[in-house]
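[1] Okay, sequence plus prediction incoming.
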Amino acid sequence: MTLCLRYSNFQKQDAEDVLQEGFIRIFDKIHLYKDFGSFEGWMKRIFINIAIRRNQNSKKKEDISNQLDDNVSAIQVPQALNNLSAEEILDVIADLPKGYQMVFNLSVIDGYSHNEIAQILDIKPATSRSQLTKAKQLLKQLLTNSQHIVPPTIQIPKSLNT
């Protein structure tokens with residue numbers, strides 16, 4: 001359910017729909033699973049693909065490359081990430097534009113390569129890299145402007161630094 005929520009922009013009803021459709025597809029296609037890789041990974045891929053397909057159908061492949069001004073500057077994030085709960089961080093990620101959120105989740109959270117992301121989202125690997133960079137910049141900006149950030153400084157996780 002957590003995976004479905006992340007890819008459904010934290011909309012509970014949409015996530016429940018993805019979850020239900022995913023389990024139906026898993027039960028229908030379980031005979032196709034080969035003992036290659038983990039069963040959990042196979043299931044995860046099904047849920048992600050369904051959520052992404054639903055998002056693409058609802059937005060008709062909205063142009064994600066123009067969501068930020070080209071002049072977004074790198075921002076030093078006050079290092080207060082240790083003061084945020086995982087839920088608060090996920091809330092900030094949910095504030096990212098859809099395209100950035102998809103690439104960020106696939107890359108940083110789920111560990112897909114840019115080539116895999118490009119194939120899943122039907123974009124070029126360079127677009128995936130660009131979207132991830134812009135997502136990280138915007139995430140830093142959102143964290144900087146967030147009411148959760150306090151002045152003391154701590155180290156930023158490498159996954160947020162590029």
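    Cool, the structure landed. Numbering: from 1, shown residues only.
[2] Skipping its backbone neighbours, what lies nearest the residue nearest the centre of the chain in space?
    Nearest residue to the geometric centre of the chain (Cα atoms, centre = their mean): residue 105, 2.1 Å. Leaving out its chain neighbours, the residue that sits closest to residue 105 by Cβ to Cβ, 6 or more residues apart in numbering is residue 6, at 5.3 Å. In short, each C-beta sits where N, CA and C put it, glycine included.
[3] Hmm, that neighbour is touching residue 108, no?
    No: counting by Cβ atoms under 8 Å, residue 6 sits too far from residue 108 to count as a contact (11.0 Å).
[4] higher neighbour count, those two?
    Between residue 6 and residue 108, residue 6 has the larger neighbour count (other Cβ atoms under 10 Å), namely 23 against 17.
[5] what's the helix or strand for the more buried one?
    Using DSSP states H and E, residue 6 maps to helix 2-7.
[6] Please compute how far that helix lies from its chain's middle.
    Here the centre of helix 2-7 is set off from its chain's centre by 9 Å, with Cα atoms, centre = their mean, to the nearest Å.
[7] now stretch 8-26
    With Cα atoms, centre = their mean, you get 16 Å for stretch 8-26.
[8] List of residues touching that stretch?
    1, 4-5, 7, 43, 46-47, 50-51, 54-55, 90-91, 94, 98, 101 (Cβ atoms under 8 Å, 6 or more residues apart in numbering).
[9] among the residues you listed, which ones are buried?
    4, 5, 7, 43, 46, 47, 50, 51, 54, 55, 90, 101 (16 or more other Cβ atoms under 10 Å).
[10] any chance of those in CSV, plus distance to residue 20, secondary structure and pLDDT?
    As requested, those are exported to CSV (distance: Cβ to Cβ, whole Å; DSSP: H, G, I helix; E, B strand; the rest coil; pLDDT from 0 to 100):
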residue, distance to residue 20, secondary structure, pLDDT
4, 9, helix, 87
5, 14, helix, 86
7, 14, helix, 84
43, 14, helix, 92
46, 12, helix, 91
47, 11, helix, 92
50, 10, helix, 89
51, 12, helix, 87
54, 12, helix, 84
55, 16, helix, 78
90, 22, helix, 78
101, 22, helix, 89
